[in-house]
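*Asks:* here is my input; please provide its structure:
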Amino acid sequence: MNQKELKELIEFLIEKDIAEFELERGDVKVRIKRAAEPAQSGHDTRFIAVHGTPVATPEVGAVSAAPGPSATPAAHAKEAPPASEEGLHLVKSPIVGTYYESPSPGSPPFVKAGDSVEVGQILCIVEAMKLMNEIESDVAGELVKKLVNNGQPIEYGQELFSIRPKK
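*Replies:* So this is what the prediction gives:
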């Protein structure tokens, strides 16, 4: 993979608003991850890691950029739930994609805060590479809170819902 191909790939991912991408070709592995853009800044933040046999142009590995200082505290704030939410079950995203709360635009959401949910009940859809993946509840109980907004890009392992399990 040469520098021109990488540039075209990055432009395509930006155009399609894809937050994370991984490609393996033989012994070359490319992973691109875009951080959320701050509202004030128009700069793209890109992460590119190349593993395996080095690519012919050494600049490819140098395209990596560190996230801004505002991205780090937000990530740590999500990791530790407040003490008042102790005992709640967190439903996490099994994939990277875009979160949708309803089956189609204009239709009611699958669930809302206060709803009783059962094991296997559809909670939301995560779109990844034009595929709609239904995310099901893995515990029965009461939905306490949605932790993401409709249409929001989400990461692997990101918390989507908090559920108070049935006793």
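*Asks:* switch to C-alpha atoms for all contacts and neighbour counts from now on
*Replies:* OK.
*Asks:* tell me the domain boundaries of this protein?
*Replies:* 3-71, 86-165 (automatic domain parsing).
*Asks:* need the winner for burial among these.
*Replies:* Among these, domain 86-165 has the highest mean neighbour count (mean count of other CA atoms under 10 Å), at a mean of 17.
*Asks:* so for it, mean pLDDT?
*Replies:* Mean per-residue pLDDT for domain 86-165: 92.
*Asks:* can you give me the end-to-end distance of that domain?
*Replies:* 11 Å (CA to CA, to the nearest Å).
*Asks:* show me which helix runs longest in this protein.
*Replies:* Looking across the chain with DSSP state H, the single longest helix is helix 3-15.
*Asks:* skip ahead from it and say which helix or strand is next.
*Replies:* Going down the chain from helix 3-15, the next helix or strand is strand 20-25, by DSSP states H and E.
*Asks:* output the contacting helices and strands for that following strand.
*Replies:* The contact analysis (3 or more CA pairs under 8 Å, 6 or more residues apart in numbering; DSSP states H and E) places strand 20-25 against strand 28-34.
*Asks:* and the angle for the strand it packs on with helix 3-15?
*Replies:* Here strand 28-34 runs at an angle of 30 degrees relative to helix 3-15 (axes from the mean of the first three to the mean of the last three CA atoms, to 10 degrees).
*Asks:* just want the angle from strand 28-34 to strand 20-25.
*Replies:* Going by the same axes, to 10 degrees, strand 28-34 makes 170 degrees with strand 20-25.
*Asks:* doesn't residue 111 lie inside a helix?
*Replies:* No - applying DSSP: H, G, I helix; E, B strand; the rest coil, one finds residue 111 to be coil, outside a helix.
*Asks:* what's the spacing between it and residue 27?
*Replies:* Distance from residue 111 to residue 27, by CA to CA: 44 Å.
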